[in-house]
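Engineer: model the structure of this input:
(one chain, ligands or ions: 1)
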Amino acid sequence: MKWNKYTLKTITEAEDIISSTLMDLGVEGVEIEDKVPLSESDKKQMFVDILPDIEPDDNIAYISFYIDSEVDASELLENVKTELKELSNLMDIGECSIVSSQTEDKDWINNWKQYFKQFTVDDILIKPSWEEVKPEDHEKLMIQIDPGTAFGTGMHETTQLCIRQLKKYITKTTKLLDVGCGSGILSIVSLKLGADHALGLDIDPNAINASKENAQVNHIPDEKFNVQIGNILEDGELQGSIGIEKYDIVVANILADVLISLTPIILKNLKTGGYYITSGIIDMKEEAVVTAVNKSGLEVVEVTYQGEWVSVTARKK
Ligand SMILES: C[S@@+](CC[C@H](N)C(=O)[O-])C[C@H]1O[C@@H](n2cnc3c(N)ncnc32)[C@H](O)[C@@H]1O
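Structural biologist: Numbers count the residues shown, from 1 in each chain. As a prediction, the model looks like this:
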């Protein structure tokens, strides 16, 4: 399908009001480009620790929307122009010129799938749910994943570091807490390795749906895996309700700064003798995480590396 792209030049202060005006007029989604740096909360959800240098914010924003090229958009565009004119009487919305172009004939939602191919982490085969298993891989422990828009195909170094640590400590009685579960991959691997139960937590609603769907595809019984939305860093009630001193393993593949705040909190949910497996730590932040772990009274048992990423495993004394 080909799409006509309409790009509107405005100012950053007007992004929200113009986006919502477009949606009110029937546009299904908008794309915003500006030079405003990501907020701390955006960075955590998008797993971005170090930002590339970007040009200084020039207050200019481009808002684009796409319409099927087969559809006559003239009435919509007239309505957009009328609404923008009215809006410009109330506030500064910049020049609000509209430029149109045609996009390539691509499936934008599913395009990333061509880069996700099956791979192994030691003897575990991780494959996209839409691929067939190769004959030589039939003996491997197979995990099928479709992350959707959540994080976690398993291809990222940080996820693989966690999987290798989980393999060392999972037993058939393990109760696992997976903080920042994303696609659910770490919980699903743990349950396939024989863990008794897993609870996944995430702040991203897409992660909750993806985890549930992936659990089903992997034939994980409902009673073995629960997923909950929530931020244990900010919600004291959540911390109590998921169980104090309940978990044999807490795994968290989140950015270093989140791990540093999470460590003293999650300690209470971990059993004495339980393991805390962290990853998502860019090498330059290793020391800060190790210091936070030591300070909270946990004992660091191992630090492992893959590429520029670090995983710290600790034990509750
Ligand atoms: C790097 S992804 C990890 C996904 C998956 N566990 C993996 O290893 O591939 C980090 C996840 O943590 C979530 N997250 C970030 N901060 C969080 C918090 N305070 N509590 C729970 N989840 C959080 C993000 O939404 C994201 O899904």
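Engineer: ok, the lengthiest strand in the chain near the ligand or not?
Structural biologist: Taking DSSP state E as the criterion, the chain has its longest strand at strand 270-282. Yes. Contact of strand 270-282 with the ligand (Cβ under 6 Å from any ligand atom) involves Gly280. Quick note: C-beta positions are derived from backbone N, CA and C, even for glycine.
Engineer: can you name the residues in contact with whichever helix or strand comes after that strand?
Structural biologist: As assigned by DSSP states H and E, the chain's next helix or strand after strand 270-282 is helix 286-295. For helix 286-295, contacts defined as Cβ atoms under 8 Å, 6 or more residues apart in numbering pick out 256, 259-260, 263-264, 276, 278, 281, 300, 303, 310, 312, 314.
Engineer: filter those down to the buried ones.
Structural biologist: By neighbour count, with 16 or more other Cβ atoms under 10 Å, these hold 256, 259-260, 263, 276, 278, 281, 303, 310, 312, 314 as buried.
Engineer: around the ligand, which positions in the stretch 101-250 of the chain sit nearby?
Structural biologist: 150-152, 159, 162, 179-182, 185-186, 201-204, 207, 231-233.
Engineer: how does it look with 8 Å?
Structural biologist: Within the stretch 101-250 of the chain, the positions adjacent to the ligand are 150-154, 156, 158-159, 162, 178-186, 201-204, 207, 230-234 by Cβ under 8 Å from any ligand atom.
Engineer: so what pLDDT did Thr304 get?
Structural biologist: pLDDT recorded at Thr304 is 98.
Engineer: not counting sequence-adjacent ones, nearest residue to it?
Structural biologist: Sequence neighbours aside, Ser311 is the residue nearest to Thr304 in space, at 4.8 Å (criterion: Cβ to Cβ, 6 or more residues apart in numbering).
Engineer: what's the helix or strand for that neighbour?
Structural biologist: Here Ser311 is assigned to strand 309-316, by DSSP H and E.
Engineer: for Pro174, which residues are in contact?
Structural biologist: For the record, residue 174 is Thr, not Pro. Thr174 makes contact with 190, 194-197, 248-249, according to Cβ under 8 Å, 6+ apart.
Engineer: which strands and helices sit next to the strand holding Ser311?
Structural biologist: Using 3 or more Cβ pairs under 8 Å, 6 or more residues apart in numbering; DSSP states H and E as the contact test, the elements touching strand 309-316 are helix 157-169, strand 270-282, helix 286-295, strand 298-306.
Engineer: tell me, how many residues neighbour Leu233?
Structural biologist: A count of nearby residues for Leu233, using other Cβ atoms under 10 Å, gives 17.
Engineer: could you pull up the residues touching it?
Structural biologist: Contacts of Leu233 (Cβ under 8 Å, 6+ apart): 258, 261-262, 265.
Engineer: secondary structure class for it?
Structural biologist: Assigned by DSSP: H, G, I helix; E, B strand; the rest coil, the conformation of Leu233 is coil.
Engineer: start the count at 35, not 1, going forward
Structural biologist: With 35 as the first residue, the last one maps to Leu267.
Engineer: now it: phi and psi?
Structural biologist: The phi/psi pair for Leu267 (degrees, to the nearest 10) reads phi -70, psi -30.
Engineer: which pLDDT value does the model give it?
Structural biologist: pLDDT for Leu267: 93.
Engineer: quick revisit: looking at the contacts of Leu267, which is nearest the ligand?
Structural biologist: Val292 (5.0 Å; Cβ to the nearest ligand atom).
Engineer: let me know the average pLDDT across the one helix or strand the closest one maps to.
Structural biologist: For Val292, the host element (DSSP H and E) is helix 290-300. Averaged over helix 290-300, pLDDT sits at 95.
Engineer: Thr193 is in contact with the residue nearest to Thr338, correct?
Structural biologist: No. The criterion here is Cβ atoms under 8 Å, and Ser345 misses it with Thr193 at 10.0 Å.
Engineer: find residues that contact each of these two.
Structural biologist: Common neighbours of Ser345 and Thr193, counting by Cβ under 8 Å, 6+ apart, are Ser313.
Engineer: max-length helix in the protein?
Structural biologist: Assignment by DSSP state H gives helix 108-124 as the longest helix of the chain.
Engineer: ok, residues contacting whatever helix or strand comes next after that helix?
Structural biologist: Scanning forward in sequence from helix 108-124 by DSSP H and E, the next helix or strand is strand 132-136. For strand 132-136, the surrounding residues in contact (Cβ under 8 Å, 6+ apart) are 36-43, 103, 111, 114-115.
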